[in-house]
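In: quick one, structure for this:
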Amino acid sequence: MMTKEELLTLEALIDRHGVGGILANVEQICLDKAAHIATEWQDTRTAKHWTLASGFVGGAARKVGV
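Out: The predicted model follows:
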């Protein structure tokens, strides 16, 4: 769970960029993590989970509007 300070920081980011904008960035972070894990650790199973997560987050981003 996030600390109160972290939640306030996240709220400020959402206020500035919107929920869709934050989710679109989380989608990209998931994709970046998947690529890093696949390349640096050769862990295709974990990389696939991050790729799947990016798809779910990206879908949510598009539904709320980016």
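
In: what ranges does this protein have for its helices?
Out: All helices of the chain, identified by DSSP state H, fall at 4-36, 44-64.

In: mean confidence score for stretch 40-60?
Out: In this model, stretch 40-60 has a mean pLDDT of 98.

In: that older thread, let me have the helices of the chain in JSON lines, extended by mean neighbour count.
Out: (Glycine included, C-beta is placed from N, CA and C.) Formatted as JSON lines, the helices of the chain follow (neighbours: other CB atoms under 10 Å):
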{"stretch": "helix 4-36", "mean neighbour count": "14"}
{"stretch": "helix 44-64", "mean neighbour count": "15"}
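
In: any idea of the mean pLDDT in stretch 4-22?
Out: Stretch 4-22 shows an average pLDDT of 98 in the prediction.

In: who touches that stretch?
Out: The contact list for stretch 4-22 (CB atoms under 8 Å, 6 or more residues apart in numbering) reads 2, 25, 61-62, 64-66.
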